[in-house]
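S.K.: Here is my input, please return the structure:
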Amino acid sequence: MDAHSEEITVEQAAEGFAAEVARWREVRGMSKRALALAMGFDPSYVSHVESGRHKPTEEFARLADEHLNA
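M.R.: Down below sits the predicted model:
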């Protein structure tokens, strides 16, 4: 096993982040729409991030953490 085999890709990191957003959103009892509105994003963007169709921005990550108290 070489040193690079343990590194995660940007895509894997984004997938992991999206899964955590979805998990914490469910733990907090929030719909995608409720989270999006609280964060000032369009609900479709939250859906796209969670599904992996869009990579989250730094602002999205910060606001998600803030609103989900993750």
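S.K.: Would you map the helices across this protein?
M.R.: 10-27, 32-39, 43-51, 58-68 (DSSP state H).
S.K.: Show me which residues of the first one are buried.
M.R.: For helix 10-27, burial by neighbour count (16 or more other Cβ atoms under 10 Å) applies to 14, 17-18, 21-22, 24-25. No exception for glycine: its C-beta is placed from N, CA and C like everyone else's.
S.K.: before we move on, back to that, how about the helices of the chain in JSON lines, adding mean pLDDT?
M.R.: Formatted as JSON lines, those follow (pLDDT from 0 to 100):
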{"stretch": "helix 10-27", "mean pLDDT": "92"}
{"stretch": "helix 32-39", "mean pLDDT": "97"}
{"stretch": "helix 43-51", "mean pLDDT": "95"}
{"stretch": "helix 58-68", "mean pLDDT": "95"}
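S.K.: quick one: contacts for the residue nearest the centre of the chain?
M.R.: Among the residues of the chain, A18 comes closest to the average C-alpha position under Cα atoms, centre = their mean, at 3.4 Å. By Cβ atoms under 8 Å, 6 or more residues apart in numbering, the contact set of A18 is 49-52, 56.
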